[in-house]
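J.: sequence first, then the predicted structure:
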Amino acid sequence: MRRLAGYTLIELLVALAVVGLLSLMLLTGLSRGNRTWIRMDHAATRVEGVEAAQALLRARLQHAWPATLYNMQPPGPDFDGEATRLIFLAPPAARDGPGALRRFRLELEPSGDLVLASVSDVALTPRGPETRDVLLRGVQAISLNYFGAIEPDPTPHWRERWSQRPRMPSLVRVRLRFGAGDRRLWPDLIVHPLADMDTECVLVPATGGCKAR
């Protein structure tokens, strides 16, 4: 009986050791799995942030409205594109409901915030109530380019400036660069403005502008 009891005790100790080892392996696996899920969640957050910023920019740029400016020669759309800043007219976002055209300004602030600000185009002063959306933070550099032909060169090219032109650019490209160690990726955002001509402008010769504007 003592021998049987001894064997039983040894077997019990072995069983406890095996259970302990299995528990340790299980906890290690759970810990690794949790870290994997955390990494995946962070990666998804990075992707979602970039995708949301691109979706918002695409929606506004696609609907950029080429309101005609007759105070420049030749007359052309109210669109001022530079290498690091873009000002254009577009309808308000759907979340804001219907309303007058808004003057949007896309630029990178010194803090690293990529900002899309806007003000109603019928505001009494250029400093009327402004809506300011921070699309992304921690951006190191922005590069804006515009594709189209400019006389006397009939061949379309990518250009760093599109201002006081007789027509809208065919394409607008937005490139961003993040700082070292930032794992976010920004694929080139290339948008085709859908409207090329201000079909709602009825010229008033006496004022040189559009009727009711």
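T.: Cool, got the structure.

J.: so where's this structure uncertain?
T.: Residues of the chain that meet the criterion pLDDT under 70 lie in 1-7, 30-47, 94-99, 123-128, 197-213.

J.: nearest residue to the middle of it?
T.: Among the residues of the chain, the one closest to the centroid is Ala53, at 2.5 Å (C-alpha atoms, centre = their mean).

J.: got the contact list for that residue?
T.: Neighbour list for Ala53: Leu114, Leu135, Leu136 [criterion: C-beta atoms under 8 Å, 6 or more residues apart in numbering]. Every residue, glycine included, has its C-beta placed from N, CA and C.

J.: all helices of this protein, in order?
T.: 2-62 (DSSP state H).

J.: still on that earlier bit, identify those among the contacts of Ala53 that sit within strands.
T.: Leu114, Leu135, Leu136 (DSSP state E).

J.: would TSV of the residues you listed with distance to Leu61 be doable?
T.: Shown next, in TSV, are the ones in strands among the contacts of Ala53 (distance: C-beta to C-beta, whole Å):
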residue	distance to Leu61
Leu114	14
Leu135	13
Leu136	16
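
J.: so which of those residues is the most crowded?
T.: Leu114 (21 neighbours; other C-beta atoms under 10 Å).

J.: distance of that one relative to Asp78?
T.: 23 Å (C-beta to C-beta, to the nearest Å).

J.: measure stretch 67-75 end to end?
T.: 10 Å (C-alpha to C-alpha, to the nearest Å).

J.: quick one: that stretch to chain centroid distance?
T.: 30 Å (C-alpha atoms, centre = their mean, to the nearest Å).

J.: so who does Arg60 touch?
T.: With contacts defined as C-beta under 8 Å, 6+ apart, the neighbours of Arg60 are Phe88, Ala90, Ala93, Phe104, Leu116.

J.: among those, which one has the most neighbours?
T.: Phe88 (26 neighbours).

J.: gap between that residue and Glu11?
T.: Phe88 is 80 Å from Glu11, by C-beta to C-beta.

J.: go on, Leu108?
T.: From Leu108 across to Glu11, the span is 70 Å (C-beta to C-beta).
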